[in-house]
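>>> okay, structure incoming, though there's no sequence with it:
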């Protein structure tokens, strides 16, 4: 790398004006006999200033073609034709849960079916702390790749499974986990991100993010194409298929899941309709079923900055809804050699209200239910579900304070009700959560 030194010389006119102006100003405020000595002193100061500027400029290299440099531009650092950005957040949580929940610092404590296990327990309330939802991400944007801009995004957190290496006894250390990793180019997206079958514009703002009874909140690998459509855009994707249950994954699918979503965006909010077509298979019985589901969602502005968020889904939702609350197929029927998709529905309603520019609250109600007629059977999993319940309802209410956009402190109360199979009885779970979210 070559460095070109550039000499510095004050412009003659500038120096003349400076030297002439200082005596004039001094003359207005000093006796005549002191003017000569003051002018000499001012000349010396100007000379010293020139020397300092000459030394500073001579050591600064010019930005030339053979001098690589990093230029901060927008939200990232630009290296050549590529702008690189880094972001994420630190999230510190304190969870106080009924039924003995809150003591295990693991990913599984955040699943609704584990809340159901706590609801059926007679244990006392327990408390736990965690920072495992903290995330970090890298993004790039490269100009003129085949005539189009290439963008990539990589996001990770530490919210790994309950059997991952780590402990609460000494270190509380956990491995990073891949959340999203995809590239976008010329309308195409390749990699892992949120399923096309959901609309994040309708996602309610709660501290225990995604932990609602019925919202669709799944990430998976895919190939997706985005195109302009009247009033918004149309997205079509082939996504990773899966019809496992619990800790069992068949991984024997012959066809990918086909998903599509049409979203309208305007002054009156966000509205979308989405669908998924799935082929559920079981190699052991050589049986398969083609099935699917639909979803409607919206985010509607109301008064001031307030908004109403809605999502309704129906069909063979399985693992797509409620963080895998229900399996994709009836497990008892599957054990008898038949693939029988479970039909379910889910609805989520959320209202977000701004008390002031820095204070806001969300009230969220969410409900999901199995539509098939279920009866209790003598099985480890009653009627092939993942737990004792065939319906779940969640309610969240919070108060959030954001003095700046990169800092949010909040408290949230959650109430869950799990309806028992073939019974009018239900079990309840409650949770109080305190969170500090610090973005960077």
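Good, I have the coordinates. Just so you know, these numbers come straight off a predicted model, no measurement behind them. Residues are numbered from 1 along each chain as shown.
>>> what residues are up against the closest residue to residue 94 other than its chain neighbours?
Using Cβ to Cβ, 6 or more residues apart in numbering and skipping the chain neighbours, the partner closest in space to residue 94 is residue 434 (4.5 Å). C-beta coordinates here come from the backbone N, C-alpha and C atoms, glycine included. Residues counted as contacts of residue 434 (Cβ atoms under 8 Å, 6 or more residues apart in numbering) are 93, 94, 410, 411, 412.
>>> out of the residues you listed, which end up buried?
Among the contacts of residue 434, those buried by neighbour count (16 or more other Cβ atoms under 10 Å) are 93, 410, 412.
>>> would TSV of those with secondary structure be doable?
TSV is the format used below for the buried ones among the contacts of residue 434 (DSSP: H, G, I helix; E, B strand; the rest coil):
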residue	secondary structure
93	strand
410	strand
412	strand
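>>> wait, is the residue nearest to residue 94 part of a helix?
No. Residue 434 is assigned strand when assessed by three-state DSSP, not a helix.
>>> quick one: pLDDT of it?
Per-residue pLDDT puts residue 434 at 95.
>>> what's the answer for residue 269, then?
pLDDT, read off for residue 269, is 94.
>>> kindly report the same for residue 373.
Taking residue 373 on its own, its pLDDT is 76.
>>> hmm, back to that, relative to residue 225, how far out is the residue nearest to residue 94?
42 Å (Cβ to Cβ, to the nearest Å).
>>> didn't residue 306 look like it was pressed against residue 354?
Yes. Counting by Cβ atoms under 8 Å, a contact exists between residue 306 and residue 354, whose distance comes to 6.1 Å.
>>> so for residue 261, what's the nearest residue that isn't a sequence neighbour?
residue 274 (3.9 Å).
>>> residues near the one you found, how many?
By the criterion of other Cβ atoms under 10 Å, residue 274 has 23 neighbours.
>>> and residue 124, by the same measure?
Number of residues near residue 124 (other Cβ under 10 Å) recorded here: 8.
>>> from residue 306, how far out is it?
Counting by Cβ to Cβ, the gap from residue 124 to residue 306 is 38 Å.
>>> for residue 136, what are phi and psi?
Dihedral pair for residue 136: phi -140, psi 150, per degrees, to the nearest 10.
>>> secondary structure element holding residue 144?
strand 135-145 (DSSP states H and E).
>>> give the other helices and strands that that strand contacts.
strand 82-97, strand 148-157, strand 177-185 (3 or more Cβ pairs under 8 Å, 6 or more residues apart in numbering; DSSP states H and E).
>>> count of neighbours near the nearest residue to residue 436 once chain neighbours are set aside?
The shortest distance from residue 436 to any non-neighbouring residue, by Cβ to Cβ, 6+ apart, is to residue 92 (4.7 Å). If you count neighbours by other Cβ under 10 Å, residue 92 ends up with 15.
>>> contacts only, for residue 92.
Residue 92 makes contact with 129, 130, 131, 435, 436 under the criterion Cβ under 8 Å, 6+ apart.
>>> which of the residues you listed lies closest to residue 332?
The closest of the contacts of residue 92 to residue 332 turns out to be residue 130 (Cβ to Cβ; 35.7 Å).
>>> my guess is the closest one meets residue 95, correct?
Yes. Assessed by Cβ under 8 Å, residue 130 is found in contact with residue 95 at 7.1 Å.
>>> and the residue nearest to residue 94, how far is that from residue 222?
Counting by Cβ to Cβ - residue 434 and residue 222 are separated by 35 Å.
>>> repeat for residue 313
As for residue 313, its distance to residue 222 is 19 Å (criterion: Cβ to Cβ).
>>> higher neighbour count, those two?
residue 313 (26 against 21).
>>> got the domain ranges for the protein?
Domains of the chain are assigned by automatic domain parsing as 1-69, 84-439.
>>> out of those, which is closest to residue 76?
Closest among the domains of the chain, using Cβ to Cβ: domain 84-439, at 3.5 Å.
>>> and the closest one, how far out from the chain's middle?
11 Å (Cα atoms, centre = their mean, to the nearest Å).
>>> helix, strand, or coil at residue 394?
What three-state DSSP gives for residue 394 is strand.
>>> beta partners for it?
residue 366, residue 416 (DSSP bridges).
>>> that one: neighbour count?
Count around residue 394 with other Cβ under 10 Å applied: 27.
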